[in-house]
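J.: My questions are about this predicted structure, shown below with the sequence.
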Amino acid sequence: MVIHKEYALRRFCEVPLKHELSKCLLEKICLHPPLLEKLVFVTVRDFLPNTMVVSQIGTDEVGFELQLGSESEHLTLVNGGLQREKQKTREIPIQDPLQAWDILQDFTGILHVQLVFKGTIPDWYEEIAVPNEAIPPAPAGIGYAAFIREQIDLILWAITLKGQIDEALRTRNEDLFRESIKLYKEVCHSCFWRL
């Protein structure tokens, strides 16, 4: 069975929602096909740009929130070490569904929508919601993220060592060359990707 966006919103409105005006907003979206086409239902909205969350009564999540903008994380090499920087370009979250409607009428782009259910997530929502690719699956999440961080550190270290090797060759510094080449080989051996 193919689930349509309008069907999903109408089914979600069948139970009480945390923010009483959320139902009104969802019904307006159902009657506005151009906006309805811009919706992408997601399982989790974290790290995604342009998000809206609507929750049923009895959940821990905020009742309603519209947040436009983006969030990104950059990795930079500073003094031989890896530094993470988060950059947020988000407008102030809107927690009033009627105010959100005014903004959404002129919205261009994709709106990631997370519907939060009390209890088990129904099959019809699992069929239409896409997993957030910015977040690894739960069982492998912590180990996978640590593995990727470690591999990035190794690659950046290899780049730094390659620079030291080139400098040692340029200045004819044999001790620095031997030390750097030994470390470089160990790093290359430990790295998952071929350098």
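T.: Done, it's in.
J.: quick one: contacts for the closest residue to residue 117 other than its chain neighbours?
T.: Excluding the flanking residues, the one nearest residue 117 by CB to CB, 6 or more residues apart in numbering is residue 56, at 5.7 Å. In this view, the C-beta of every residue, glycine as well, is placed from N, C-alpha and C. Residues near residue 56 by CB atoms under 8 Å, 6 or more residues apart in numbering: 12, 15-18, 116-118.
J.: Quick check: residue 56 vs residue 176, distance?
T.: Distance of residue 56 to residue 176, given as CB to CB, to the nearest Å: 63 Å.
J.: Residue 5 too?
T.: Residue 5 sits 62 Å away from residue 176, going by CB to CB.
J.: Could you do residue 22 as well?
T.: To residue 176, residue 22 is 64 Å away according to CB to CB.
J.: Neighbour count for the two, which is higher?
T.: Comparing residue 22 with residue 176 by other CB atoms under 10 Å, the one with more neighbours is residue 22, at 22 against 15.
J.: Next, the contact list for the more buried one, please.
T.: Residues in contact with residue 22 (CB under 8 Å, 6+ apart) are 54, 63-64, 97.
J.: Start and end of stretch 110-121, how far apart?
T.: 23 Å (CA to CA, to the nearest Å).
J.: ok, residues contacting that stretch?
T.: Here stretch 110-121 makes contact (CB under 8 Å, 6+ apart) with 8, 12, 15, 35, 38-45, 48-59, 61, 104, 125, 129.
J.: How about residue 15: what's its closest non-neighbour residue?
T.: Residue 15 sits nearest to residue 56 (CB to CB, 6+ apart), 5.4 Å away.
J.: can you check residue 67 too?
T.: Nearest residue to residue 67 in three dimensions, chain neighbours excluded: residue 93, at 4.7 Å (CB to CB, 6+ apart).
J.: Just put the contacts of residue 56 in CSV and tack on secondary structure, distance to residue 110 and neighbour count.
T.: Formatted as CSV, the contacts of residue 56 follow (DSSP: H, G, I helix; E, B strand; the rest coil; distance: CB to CB, whole Å; neighbours: other CB atoms under 10 Å):
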residue, secondary structure, distance to residue 110, neighbour count
12, helix, 19, 23
15, coil, 26, 12
16, coil, 28, 12
17, strand, 23, 24
18, coil, 24, 17
116, strand, 19, 20
117, coil, 22, 15
118, coil, 27, 14
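J.: Could you identify the least confident member of these?
T.: Note: of the contacts of residue 56, the lowest pLDDT belongs to residue 15, at 88.
J.: quick one, what contacts residue 184?
T.: Residue 184 touches 158, 161-162, 165, counting by CB under 8 Å, 6+ apart.
J.: 6 Å - rerun?
T.: residue 161 (CB atoms under 6 Å, 6 or more residues apart in numbering).
J.: for the chain, what spans make up the helices?
T.: Here the chain has its helices, by DSSP state H, at 5-12, 22-30, 33-37, 97-104, 123-128, 138-171, 174-190.
J.: Return the residues in contact with residue 168.
T.: 176-177, 180.
J.: Report the separation between it and residue 176.
T.: As defined by CB to CB, residue 168 lies at a distance of 4 Å from residue 176.
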